[in-house]
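>>> let me see the structure of the following:
(2 chains)
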Amino acid sequence: MTEVSRTAAQQRADQIRAFRQELGVLTAEGVLPLAEGQAQAVAAYHDALLVKYAQAFDIDRDLHAKQLSTGMRIASFLGALALAASVFFLFYQFWGHFSELAQVVILVSASLGSFGMTVLVQRRDSTGYFTKLAALVAFTCFVLNVTMLGQIFNITPSDTALLPWAAYALLLAYTCDLRLLLATAILCIIAYVAARVGTWSGMYWIHFGERPENFIPLSIAIYALPQFIRHRRHADFPAIYRVFGLLSLLLPMLVLANWGQASYLPWATATIESLYQLLGFLVSAAAIWLGLRRQWADSVNTGVVFFVIFIYTKFFDWWWEVMPKYLFFLVLGLTAVLFLFVLKRLRQSNDGHAGSGS
Amino acid sequence: MINFSGKKMWITGLALIVITNAVVLLGAAWNRSGSPESQLELTQRELRLPYWRMNRESSGASLNLLWRTLPAEAEEMGYSDYSGYAGNGGAPYWLDRAKLQSLGFDMAGLTTRVEGDARRERPLSRSALLVLELNGPACQESLARARRHAADAEAKAAATPENDDLKRRAESARKSEAQAKNESPRLFVIDAGMELSELRAKYPDRTRYAIVHGQVRPRVFESKDGVKVEGFIDEISNSSVNIPYDHRATFKRENGKQSLNGAMPSDVIAVTIAFGKRLEPWVVALSGSKAAGAGK
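Model (predicted):
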């Protein structure tokens, strides 16, 4: 049997649950009555599969378990943030009482120790929640490690620190199957490349956020990366790449559509803003189209959100001052209704293609 | 497919942590190796414990460098011209268009944008090497300006004794002169460049001139004579210097808090700060005395 990730196992379990419910309905309506032997064979197969997945991945076998899992995920996330903050403040509380040598030893030991703890927890934790806690604490310790060494030795701030953080977050993300750390790694990489692109234009690296175009070069690469690197064991990672790729492309466009002064382009501000407004519409529409074609819900949703934001900001520019407020919001509401109709037509058209293809 | 498992994960993670720390620590060691690039003896006039909300939660301590710039002398001198808002940036007279051009700014592009385009008002800062001068000609000029201003204000107040406003201005000018003489930082940024060797050749005294990393930018504004450009020093990259554990005892806290106005305890008067090969600073020595180092 091919290697299965926890996500794939959970999806399979959800499919089995849905299949059983639908089979019950079909049997009751006399549409698909299975012979007793067939029904028992299917049930036995599914039961064995669910037991195997439950032992290996601690998946949710029913709706009640699924609801509890959502709560556990939230608790795990908040707990991880709180523990990370605790480590951070713990060190700040006591670091002044140690010599430089002791500080260095403590920082390096904390990084190594928390990493070791993450590996040990990951081997024993089938649920993944405790692994997430340990991995976030390990990442915090590493960030603290580098940051505090910089403060202790008065090192000139540099964007180079983002590289080891990104590498470490990627390592933990792929080892422990953590989307949060993958997102963190992608953000670090985006920030580093944006800072480098900014320094090529001569500016001090820390101002990279003041030139939104610095974020655009890498965005397409991040969006397209899952097409070149397969993620069989991490089925939900490609969505993270696509979402952050789109965010690093569309957010700068949204900013520049309203604040053309921040652009590198040597044109009038009004021209730049018009250009990015147009590009924003085109790119978000393209994201929706591509998402529908490839069945990437993340691409569709992100594209829809930004398309709506671009439309609403244009409406605001055109009509906020000249229209009565009730009329303005009525127009917004009617636009949303129109959007619903368009998306419904797209969905029907998509269902039609799927039906004819089956 | 990316696959980290078992032994591979252990090795990669350990290597990443060890290599990162090695790079950082070796860099710091190299900075402090050999003779310092420069070494300045500063007092509580040039150093301040930072205002920082986390100080109550932080047992660490650092010192902020307080530095000033000397602006072009104007007829109506304001408080900041000689008495010292320190460490918040400044527009020195020598950071003119030619100097900004030499630091890599496109001066033509700054002043020939499309009509009505506001972008030229927000050029971003660039890295540069800044020359810090301790108690040198810039400091003496600043004090001389304060004295001239005080004398001028006294003369005006004496000429119209019934004018209370002029009396107040004269009093304020006297206080500003005293502050410039006894309290204001004696550390001035006096030059900028891109090459360390060139700047050091121009300012060879390593006990009076320190060269540090910093950021500068042009400021563009409209005046009745047209578009004007002046240079502005945003900040020094390593303006905060960690106080080593060995010297912590000198900074006693009162009632568990830093002193309220951020001033250093009055019994510390000399801090020797060295700047290394990467121009990063560290505290070499701290000596305390009951007498303050006023007027040095």
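>>> can you list the residues of the stretch 151-300 of chain A near chain B?
Counting by Cβ under 8 Å from any Cβ of the partner chain, the stretch 151-300 of chain A comes close to chain B at A:151-157, A:164, A:167-168, A:171-172, A:174-175, A:202-204, A:207, A:210-211, A:229-234, A:260-263, A:266-269. Using the backbone N, CA and C atoms, a C-beta is placed for each residue, glycine as well.
>>> what sits closest to A:Val193 if chain neighbours are left out?
Leaving aside its sequence neighbours, A:Val193 sits nearest to A:Leu218 (Cβ to Cβ, 6 or more residues apart in numbering or on different chains; 4.6 Å).
>>> and the gap between A:Leu346 and A:Arg242?
Distance from A:Leu346 to A:Arg242, counting by Cβ to Cβ, to the nearest Å: 19 Å.
>>> then A:His231?
12 Å.
>>> who's more crowded, these two?
A:Arg242 (25 against 19; other Cβ atoms under 10 Å in any protein chain shown).
>>> please pick the buried ones from the residues of the stretch 151-300 of chain A next to chain B.
A:152-155, A:164, A:167-168, A:171-172, A:174-175, A:203-204, A:207, A:211, A:231, A:233-234, A:260, A:262-263, A:268-269 (16 or more other Cβ atoms under 10 Å in any protein chain shown).
>>> in helices, which of the residues you listed appear?
The members of those that map onto helices under DSSP state H are A:Ile152, A:Pro164, A:Ala167, A:Tyr168, A:Leu171, A:Leu172, A:Tyr174, A:Thr175, A:Thr269.
>>> flag the least confident of these.
Within those, pLDDT reaches its minimum at A:Thr269, with 86.
>>> next up, the contacts around A:Leu246.
A:Leu246 sits next to A:Ser219, A:Tyr223, A:Ala287, A:Ser299, A:Thr302, A:Gly303, A:Phe306 when contact means Cβ atoms under 8 Å, 6 or more residues apart in numbering or on different chains.
>>> the strand or helix carrying A:Glu22 near chain B at all?
Secondary-structure element containing A:Glu22, defined by DSSP states H and E: helix A:6-28. No: using Cβ under 8 Å from any Cβ, we find that helix A:6-28 stays clear of chain B, coming within 13.7 Å at best.
>>> name the element B:Asn31 belongs to?
Counting by DSSP H and E, B:Asn31 is part of helix B:6-32.
>>> pairing partners for the helix or strand following that helix, with directions?
With elements assigned by DSSP H and E, the helix or strand that comes after helix B:6-32 is strand B:38-42. Paired with strand B:38-42 in the same sheet, following DSSP bridges, are strand B:268-275 (antiparallel).
>>> okay, buried residues for the very next helix or strand once past the strand it pairs with please.
As assigned by DSSP H and E, the chain's next helix or strand after strand B:268-275 is strand B:281-288. Under the neighbour-count criterion of 16+ other Cβ under 10 Å, strand B:281-288 has B:Pro281, B:Trp282, B:Val283, B:Val284, B:Leu286 buried.
>>> got the residue ranges for the strands in the stretch 151-296 of chain B?
B:187-193, B:209-223, B:226-236, B:240-242, B:268-275, B:281-288 (DSSP state E, counting those that start in this stretch).
>>> so what's the residue most central in space within chain A up against?
The centre of chain A sits closest to A:Ile240, judged by Cα atoms, centre = their mean, with a distance of 3.5 Å. Counting by Cβ under 8 Å, 6+ apart, A:Ile240 touches A:Arg179, A:Leu182, A:Ala183, A:Ile186.
>>> now a ChimeraX select for only the buried ones of the residues you listed.
Burial among these is assessed by 16+ other Cβ under 10 Å; the matching ChimeraX selection reads:
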select /A:182,183,186
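>>> any chance of the contacts of A:Ile240 in a markdown table, with pLDDT and secondary structure too?
Output for the contacts of A:Ile240, formatted as a markdown table (pLDDT from 0 to 100; DSSP: H, G, I helix; E, B strand; the rest coil):
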| residue | pLDDT | secondary structure |
| --- | --- | --- |
| A:Arg179 | 90 | helix |
| A:Leu182 | 95 | helix |
| A:Ala183 | 95 | helix |
| A:Ile186 | 96 | helix |
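>>> between which two of the contacts of A:Ile240 is the distance greatest?
A:Arg179 and A:Ile186 (10.3 Å; Cβ to Cβ).
>>> any idea how many residues pack against residue 216?
All of this refers to chain A. A:Ile216: 18 neighbours (other Cβ under 10 Å).
>>> hmm, no, I was thinking of chain B.
B:Val216, neighbours per other Cβ under 10 Å, totals 26.
>>> mean confidence for stretch B:248-265?
52.
>>> highest mean neighbour count out of the strands of the stretch 151-296 of chain B?
Mean neighbour count (mean count of other Cβ atoms under 10 Å in any protein chain shown) peaks for strand B:187-193 among those, with a mean of 22.
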